[in-house]
Each structure stands twice: as structure tokens, then as C-alpha cells.
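> Fold the following for me, if possible:
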Amino acid sequence: MSGVSARPLHLSAYPRAIAHIDGDAFFTSVEQAIHPEWKGKPVVTGKERGIIACASYEAKALGIKRGVRLHEAKAMCRELIVVPSDYETYSLYSKRMFGIFRDFSPMVEEHSIDEGFVDLTGLRRIHRMSYAEIARAMQARVREELDLGVSVGLSVSKSVAKLCSKYRKPFGFTAVPANQLHLFLGRIPLESVWGFGPNTTELLRKQGLGTALDFVSLPLDRVNRLLGKVGREIWHELRGDAVYAVTPEEKTDYATVSKCKTFTAPSADPAFVYAKLVRNLESACIKLRRHRLRARALYVALRRKDYSQHGLEAVLNRGTSAPTDMLPLVQAMFDRLYVPDVEYRSTMVVLAKVEPDRVDQYELFEDRVRIDQVREAFRAIDEVSDHYGKHKVGLGPSLHLSDHRRTERDEQPVRRGDLLAGETPRRRLALPKWQIRV
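Numbering: from 1, shown residues only. Below you'll find the model as predicted:
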């Protein structure tokens, strides 16, 4: 059924103008921006995990990709530059990048740390440029001010703009007006469409479809029978009828909140592994309280050195954001999961059935005084954390976090060691680099 139709899907060029900006190997690009001597060289992040988190394009050209174990990557390239992930610095660069986008439009959605959407509709007169020129200007500003490469896609919906930004990388630019959608979609395989997973792609292939154009050429009622509401929305998006709006508001609603931490070296020490699990629980609860949410269910998992994972889930008798309310249950689940003398590499906590934390309707036999005391205690702890840094006050099991053998994977990013007067590891100036050459 594949083929390029001669009939446009839309008559106008830009009923809406949506840009999608995607960082090119963002983490390693930031490292190369901070360390110009690394430009043109293979660089990877993830030293603390033992697995590559991000690979520069020079490393990718050698076959080194995300998820590859470091010892395998080093065998492929002896000159490979391996650094620990510096997420604080990456976040600072991300904020500066999105700040540049907001100079061009107030409608900016931060989709992730290294990619976002910008609604440019109606801004040609203000900037005295075409939509394509505005998008290119954003790309040029990021390169000029941050020394980072980003790929930009411009089209009439978020789904198509995202396809455009992926179409040419790195430092690519692809603009597809609505009246040229049929030409572009005829080149896009189904598996590249945002929202189509392997099962959906296989289902559509069994219907004789091969490209995104084949999909949008189906009658809407057939799409509805095959894929339901999500399929209908993607069908409209790809045809140039925007369904998903660019939302500049910070996300505050969550179905789940999860925290997972990989150890710098696998451990068989039950106190240390449990301490890591409890720290994940504390971090997840901090996020709940920050967004005024609570959870009614939780899932905990322990991942072994061989990457096999075992977990348990449970439902709470009432919604809460206090880790002390969940701790007895987490302890019982840990006791069932932990196997002596087995080395573990990470722990995970997922808080589910998340809902707004409103005034409670207490049950008859609940201890209202204790519930209010716990709530006040963690409100005070959050105030301490805001002032002095997260986890300054923690649960008892966290005392065992220091009982661990240190390895080269414990190496910290340079900026964590270069503290200025008055700085602490948790409270520092928003400077991604502090190096002065005389």
C-alpha cells in the first residue's frame, strides 16, 4: 500500500506552527562544551553506573551506544573518554536552553531535559521572519551561546514536528508545511511514528500498511476500530489537525512516582541494600509532598548483579506521603525479597494510585493525632531540606549508606569538588563550570 500520494492532506501551509527541538547527544555535548579539548573525540557518560548513559556522535560512529557496558565500549575504543554523569550541570544547561526558546515564544513545553516544543503560531510579525527563519534562529542561538548542537523540526502539529527533528541528525533542520505532509509522511516508516510501539506497528503491518502516509490514508472509522482513541488522535495529528497542545505549565499530575538508584558497586550487605531502598522511598515521598500528592499503593524491587529483578506490590489502607507510614510494609517486602549472599546492583520504589493530598475523611478507629503529628513532622523536615539540602534529615536505615566499598565508579563530576566559599555539595551557585585560566 506504500507510495507517495499526489493529493495533499491539507491546503494551507501553516494553520499552526510547532517546533520540536531535540538535543544532539545532549549529555556528552554538554561535556564537550565544558571541555573543548574533547571535541571531535569519543566521549561517553555513565561511569558511575558501569553502563553508557549517553554517547557522543564520535563514539556512536564506532558502534558505541547507550546501554552498552563500559568494559565492552573500552574494548571497542581504547581512547574512549569516560566521565561520570553530571546531572546538575546538564540541568543548568537545559534551563539556559529553554530560556533561549522563551525569548522567541511564551508557549514552551519542556518535554524532557533535552527536548521541548515551541508554539510559534502568529509570531512572524513580531520577529519579522518566517516560521522557518524563527526556528533556525533558535537553533543558531543555542549553538552560539551554549556551544550545543540541537536538531529542529517544524510543522503543524507536535507529532509531525517530532518526526521532523528526528529526520536529520545531528544539527539537522526539517520544515514540513501542511500542504507537503503527504510527501513527507510517505518516507516515514510506521515504527518511527510517536506513539506507535512494536505491537501497534505489527498490527498495522498485518493490515498491509508500511508508512505513516498509509496510516493517515485509512478512513477514520477503520482507525477507530483498530486503535481506538489514541489511534484517532495520532491520525489527526499526522494529517495536520493538531490535537496535542503545547503546554507551558510544569507537570504536577502523576499516575506514579518512581525512584531507582544503581549502586556504584554491587553489594550483598543487607543493611546497605535496605538503606538504598529506604532512601528511594524517602526521595519518592519528597516528590509527592512537593506536588501535594499522596499514594495508595507501592511497588518495591531489588535488581541483582546479573540484572534479574524481583519485586512485590501492596495496597495501603490509606493514602499518604510520609515514608514512616510505609516503612513497616517496605521492611516486610524487603525481608521476603532479599536473598543472603546474593549481590544486588540497584533498588526501586514505585508509588502508585497517586491522588491529590486533600483533607482526609478519617476512619472511625484511626489515630487522628498521630496522623496530624506525622504530617507536621514532615512539613518541618521539608523546610529543613529547602534550607540546607535534601536528605539532611533522614530515616534511621539511611545511616548504613556509608557502609560501602568505594570504587573508581564513585568518582564525582569535577564541579562537585570545586566548591566556592559558602557552597555545600547540596547548595551551590548555578554555575556549570568554574575554571579560570590565567
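> Can you show me the strands along the stretch 201-350 of the chain?
Ranges of strands in the stretch 201-350 of the chain, per DSSP state E, counting those that start in this stretch, are 257-267, 293-304, 309-320, 344-352.
> Need the ones you listed in TSV (columns: mean pLDDT).
Putting those into TSV (pLDDT from 0 to 100) gives the following:
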stretch	mean pLDDT
strand 257-267	84
strand 293-304	92
strand 309-320	90
strand 344-352	92
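> right, so of those, which gets closest to Glu79?
Among the strands of the stretch 201-350 of the chain, the nearest to Glu79 by C-beta to C-beta is strand 257-267 (24.1 Å). For glycine as for every other residue, the C-beta is placed from the backbone atoms N, C-alpha and C.
> So what angle separates the directions of the closest one and strand 293-304?
20 degrees (axes from the mean of the first three to the mean of the last three C-alpha atoms, to 10 degrees).
> coming back round to it: of the strands of the stretch 201-350 of the chain, which stretch is the most buried?
For the strands of the stretch 201-350 of the chain, ranked by mean neighbour count under the definition mean count of other C-beta atoms under 10 Å, the leader is strand 344-352 at a mean of 22.
> tell me what whichever helix or strand comes after it is packed against?
Following strand 344-352 in sequence order, the next helix or strand is strand 355-356 (DSSP states H and E). Strand 355-356 is packed against strand 293-304, with contacts defined by 3 or more C-beta pairs under 8 Å, 6 or more residues apart in numbering; DSSP states H and E.
> picking up where we left off before, in a markdown table: the strands of the stretch 201-350 of the chain, plus distance to Ser283.
Shown next, in a markdown table, are the strands of the stretch 201-350 of the chain (distance: least, C-beta to C-beta, whole Å):
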| stretch | distance to Ser283 |
| --- | --- |
| strand 257-267 | 5 |
| strand 293-304 | 13 |
| strand 309-320 | 15 |
| strand 344-352 | 8 |
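> between the ones you listed, which one is nearest to Lys390?
It's strand 257-267; of the strands of the stretch 201-350 of the chain, that one is closest to Lys390 (C-beta to C-beta) at 12.0 Å.
> which strands and helices sit next to that closest one?
Using 3+ C-beta pairs under 8 Å, 6+ apart, strand 257-267 sits against helix 270-290, strand 344-352.
> Partner strands of it and their direction?
Using DSSP bridges, strand 257-267 pairs in its sheet with strand 344-352 (antiparallel).
> Just the residues contacting the partner strand, thanks.
255-263, 266-268, 273, 276-277, 280-281, 284-285, 288, 295-305, 307, 309, 311, 313, 330 (C-beta atoms under 8 Å, 6 or more residues apart in numbering).
> what angle do that strand and helix 270-290 make?
30 degrees.
> circling back: now the helices and strands packed on strand 257-267 in CSV, with distance to Phe98?
Converted to CSV, those look like this (distance: least, C-beta to C-beta, whole Å):
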stretch, distance to Phe98
helix 270-290, 20
strand 344-352, 28
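> Which one, of those, ends up nearest to Ser217?
Across these, Ser217 has its closest neighbour in strand 344-352 (39.5 Å, C-beta to C-beta).
> Restrict the closest one to CA atoms and write it as PDB.
Extracted in PDB, the C-alpha atoms of strand 344-352 (Å, rounded to 0.1, in the frame of the first residue of the first chain):
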ATOM      1  CA  TYR A 344      22.500  -6.500  44.300                       C
ATOM      2  CA  ARG A 345      23.100  -3.600  42.000                       C
ATOM      3  CA  SER A 346      20.000  -1.400  42.400                       C
ATOM      4  CA  THR A 347      16.700  -0.900  44.300                       C
ATOM      5  CA  MET A 348      13.500   0.600  43.100                       C
ATOM      6  CA  VAL A 349      10.400   2.100  44.700                       C
ATOM      7  CA  VAL A 350       7.300   3.000  42.700                       C
ATOM      8  CA  LEU A 351       4.400   4.800  44.400                       C
ATOM      9  CA  ALA A 352       1.100   4.200  42.600                       C
END
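> Start the count at 604 instead of 1 going forward.
With the count now opening at 604, the last piece we talked about shows up as strand 947-955.
> now that strand against strand 912-923, angle please.
Going by the same axes, to 10 degrees, strand 947-955 makes 30 degrees with strand 912-923.
> Kindly provide the distance from the most centrally placed residue in the chain to Ile655.
Among the residues of the chain, the one closest to the centroid is Ser715, at 5.0 Å (C-alpha atoms, centre = their mean). Noted for Ser715: a distance of 18 Å to Ile655, by C-beta to C-beta, to the nearest Å.
> Cheers, nothing more for now.
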